[in-house]
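Asker: What follows is a predicted protein model with its sequence.
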Amino acid sequence: MWQSRIYAASFGCVRLYLERLLQRYSNFVCGRVVLGL
């Protein structure tokens, strides 16, 4: 029972990290597009 809780917590941390990484990457791409224009 507690293993699934740990798995859910680790999955939440990984999802949060991926969301931050995706947001940073999208900000970088938008910045390049704006500078390109």
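Answerer: On my side now, so go ahead. Numbers count the residues shown, from 1 in each chain.

Asker: so where is this protein shaky, pLDDT-wise?
Answerer: For the chain, the stretches flagged by pLDDT under 70 are 1.

Asker: all helices for it, in order.
Answerer: Remark: helices assigned in the chain by DSSP state H are 2-36.

Asker: Q23 - how many residues pack around it?
Answerer: 10 (other Cβ atoms under 10 Å). Heads up, the C-betas are built off the backbone N, CA and C, glycines and all.

Asker: Could you measure from it over to L16?
Answerer: Per Cβ to Cβ, to the nearest Å, Q23 is found 11 Å from L16.

Asker: try Q3
Answerer: From Q3 to L16 the distance is 21 Å (Cβ to Cβ).

Asker: more crowded one of these two?
Answerer: L16 (10 against 7).

Asker: what comes up buried for stretch 29-37?
Answerer: Across stretch 29-37, burial judged by 16 or more other Cβ atoms under 10 Å covers no residue at all.

Asker: Determine how far that stretch lies from the middle of the whole chain.
Answerer: Computed by Cα atoms, centre = their mean, to the nearest Å, the separation of stretch 29-37 from the middle of its chain amounts to 21 Å.

Asker: For that stretch, output the C-alpha coordinates as PDB.
Answerer: Provided in PDB are the C-alpha atoms of stretch 29-37 (Å, rounded to 0.1, in the frame of the first residue of the first chain):
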ATOM      1  CA  VAL A  29      12.100  28.900 -28.200                       C
ATOM      2  CA  CYS A  30       9.700  31.900 -27.900                       C
ATOM      3  CA  GLY A  31      12.700  34.100 -27.200                       C
ATOM      4  CA  ARG A  32      14.600  32.800 -30.200                       C
ATOM      5  CA  VAL A  33      11.500  33.400 -32.400                       C
ATOM      6  CA  VAL A  34      11.000  36.900 -31.100                       C
ATOM      7  CA  LEU A  35      14.700  37.700 -31.600                       C
ATOM      8  CA  GLY A  36      14.600  36.100 -35.100                       C
ATOM      9  CA  LEU A  37      11.700  38.300 -36.100                       C
END
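
Asker: picking up where we left off before, pull up the overlap in contacts between Q23 and L16.
Answerer: Common neighbours of Q23 and L16 are not found (criterion: Cβ atoms under 8 Å, 6 or more residues apart in numbering).
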